[in-house]
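Trainee: model the following, please.
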Amino acid sequence: MKKAMCAVVAVVSVLALSAGAYAQGETAVPFLLISPNARAGGMGETGTGLADDGSTIFWNPGGLAFLRGDHISLTHAPWLPEFSSDLSYDFLSYTHYLEDWDGNFGASITYFNLGTFNKTLSNGPTVVSTWHAFEFAITVGYGAQITPGLGLGANFRYIRSELAPFGTEQEVGTGIASDVSFDLGLLYRPQKLYIPLIGNLDDRVGFGLDLSNLGPNLYYIDQAQADPLPTNLRAGIALHLLKSEYNNFYLTLDLSRTMVRVTTDSTIGSINPNAQGGPDTTWNFVNYVDPLPKSLITTWGDGSGLKRIIISAGAEYWYGSPRLIALRMGYYKENPQFGGRNFLTFGAGIRYDIYGFDFSYISTFDQNNPLSNQLRFSLSVNLGGSNEF
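Mentor: Okay, here's the model as predicted:
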């Protein structure tokens, strides 16, 4: 059974690096950080300042305040194709404008398929059973404008992680856990803005701020070994640089940082003589997790400073009236000491009537990177309302 659990841990560890979780894999459910739509995926994983489509509930619930009509967004991605063919990611969201409340309700389901595993005995390769590992999250949110141009929003989320229906031979319990979290988001789109040397930018700039996955630590069997959720702070800006009837061009920039503080303490477990007559020492390692809201402050004092900030930028060009074809590209950069992901993104989209189809592609600089050749496909439906800014 130990072998089976190690296999699951290995998969989740690779996922942690791919999703942007704490570099040492010290957060639980890192799938919550995966960009859920191909449009943002093609723009360098940016969306905090843009937040104007069905994926807004993920990027910035403050953006819900500006949506009108009803929106459906569906994304599917075979995940980490260079690592495994079993992994897949799915995201479904729906937003609805509440006219009486002058705000927007949103809901989403995120499902991450971790694949099928074999349960074997410790003393041999005999397979005694198989099981399917997966994780999912259900999110509901609401956003409204508190002043013209300023939207606030919040999400509540239920999280379920089913890594294994059993523990190791020494543990009583299962590798199944549940948790809850919430997000807070703000989006500011100034109706009047003039910048010297640039000109008039009325209703053409979005400033976003999002703090996500705030909640208690998640544990499976031993509460003393609980892991923090991937609490994440994102700040973003979107600029509608070119705005005309047939041509529209956007630039986006996001800065993000995982707000988690984990320290490790080591103590000597035992000292025994080895075969050469010298001491053979065993060590006990215990992780200490700073709770919320303390970690929002202490994480800045862990010695990493600004090194843990992830920088991502993107560009998007639309042609058509109404918009018909989009081309996208982006860049994603992470400090080598904290994950080291460094890649380009490309994407395209097409709109017809109320329907939209987008895809994105990741091109890594390292051929052995598990994110190489990562593809995402999204389908969107706009049931009334103009939301493009």
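Trainee: can you give me the helices for the protein?
Mentor: Under the criterion DSSP state H, the chain contains helices at 2-19, 38-42, 56-59, 295-298.
Trainee: in terms of mean pLDDT, which of these ranks lowest?
Mentor: Between the helices of the chain, the lowest average pLDDT goes to helix 2-19, which shows a mean of 48.
Trainee: the longest strand that the chain contains packs against which elements?
Mentor: Taking DSSP state E as the criterion, the chain has its longest strand at strand 127-147. Helices and strands in packing contact with strand 127-147 are listed as helix 56-59, strand 103-120, strand 150-164, strand 175-188; criterion 3 or more CB pairs under 8 Å, 6 or more residues apart in numbering; DSSP states H and E. (C-beta placed from N, C-alpha, C; glycine too.)
Trainee: low pLDDT regions in the chain?
Mentor: Applying pLDDT under 70 to the chain picks out residues 1-25, 84-85, 121-124, 167-173, 264-287, 385-388.
Trainee: tell me which of the helices and strands packed on strand 127-147 lies nearest to Phe31.
Mentor: Evaluated over those, closeness to Phe31 peaks at strand 103-120, with 4.1 Å, by CB to CB.
Trainee: what are the buried residues along the closest one?
Mentor: By neighbour count with 16 or more other CB atoms under 10 Å, strand 103-120 contains the buried residues 103-106, 108, 110-115, 117, 119-120.
Trainee: can you redo the residues you listed as JSON lines with distance to Ile72?
Mentor: Compiled in JSON lines, the buried residues of strand 103-120 are given as follows (distance: CB to CB, whole Å):
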{"residue": "Gly103", "distance to Ile72": "19"}
{"residue": "Asn104", "distance to Ile72": "14"}
{"residue": "Phe105", "distance to Ile72": "13"}
{"residue": "Gly106", "distance to Ile72": "11"}
{"residue": "Ser108", "distance to Ile72": "11"}
{"residue": "Thr110", "distance to Ile72": "15"}
{"residue": "Tyr111", "distance to Ile72": "16"}
{"residue": "Phe112", "distance to Ile72": "20"}
{"residue": "Asn113", "distance to Ile72": "21"}
{"residue": "Leu114", "distance to Ile72": "26"}
{"residue": "Gly115", "distance to Ile72": "28"}
{"residue": "Phe117", "distance to Ile72": "33"}
{"residue": "Lys119", "distance to Ile72": "39"}
{"residue": "Thr120", "distance to Ile72": "43"}
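Trainee: of those, which is the nearest to Leu229?
Mentor: Using CB to CB, Thr110 is the member of the buried residues of strand 103-120 that sits closest to Leu229, with 13.7 Å.
Trainee: I'd like the distance between the closest residue to that closest one other than its chain neighbours and Phe31.
Mentor: With CB to CB, 6 or more residues apart in numbering as the measure, Ala137 is the residue that lies nearest to Thr110, at 4.6 Å, once sequence neighbours are left out. With distances taken as CB to CB, to the nearest Å, Ala137 is found 8 Å from Phe31.
Trainee: find residues that contact each of these two.
Mentor: Common neighbours of Ala137 and Phe31 (criterion: CB atoms under 8 Å, 6 or more residues apart in numbering): Thr110.
Trainee: direction included, what does the longest strand of the chain pair up with?
Mentor: Each strand paired with strand 127-147, and its direction, by DSSP bridges: strand 103-120 (antiparallel), strand 150-164 (antiparallel).
Trainee: okay, these in TSV with distance to Asn60 next?
Mentor: Compiled in TSV, these are given as follows (distance: least, CB to CB, whole Å):
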stretch	distance to Asn60
strand 103-120	11
strand 150-164	7
